[in-house]
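K.L.:
starting from these lines, generate the structure:
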Amino acid sequence: MRVFAFPFLLIAGTGFLLSLAAHVLALPGKAMPGGGLVWALHVGIFLVWIPAILFTRRKLQNVPRGKQMDAVLRDSPLWMRRTVKILFVYAFVNFLLFMVSTMGHPKPAGAAPPAVIRGFSGHWMIFYAVAFVTFYSIVKRRDEGSSKTPVKSAAEN
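P.N.:
Numbering: from 1, shown residues only. This is a model prediction of the structure:
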């Protein structure tokens, strides 16, 4: 399963970095290089989320719904788990600010303004980050049933 997870890990990592770049550029109101190509990040989420759900299905089979995120993140380093949680809060606050800042404004014609990219890219970052951590956990996870201490050979006893 690890071999199949690795390409998705790379796609999710690339998607996260590109969505972060789009977000950082949108914050001061800069136009996106490539124009409408930035919307490919919206579609790319499905490239990593569908496999992430399929890969974690068995692992989450007997886990209560409220504990599933912890179960998915369990095999990742502490800093990754904390970063994902911070990104969740940031995405929520970013979305609220986006809603408040665009409320009452007419719908833009043509290319999306940076404020719209900022609103969407906050969500892109969290989706790609969680997918990345999910695939990272799969790639780095110890085999089921392996112990933390190595088994000694007969020669070492």
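
K.L.:
list the buried residues in the helix or strand bottoming out on mean pLDDT in the chain.
P.N.:
Each helix and strand of the chain was given a mean pLDDT (mean pLDDT, DSSP states H and E); the minimum falls on helix 68-73 at a mean of 84. Residues of helix 68-73 classed as buried under the neighbour-count rule (16 or more other Cβ atoms under 10 Å) are M69, V72, L73. To be clear about C-beta, it is placed using only N, CA and C from the backbone, and glycine gets the same treatment.

K.L.:
show me what contacts the last one?
P.N.:
By Cβ atoms under 8 Å, 6 or more residues apart in numbering, L73 lies in contact with M80, R81, V84, V133, S137.

K.L.:
sorry, back to before: among the buried residues of helix 68-73, pick out the one closest to L97, please.
P.N.:
Nearest to L97, judged by Cβ to Cβ, of the buried residues of helix 68-73 is M69 at 24.0 Å.

K.L.:
do you have the helices of the chain handy? List them.
P.N.:
With DSSP state H applied, the chain shows helices at 2-26, 40-56, 68-73, 78-102, 114-140, listed in chain order.
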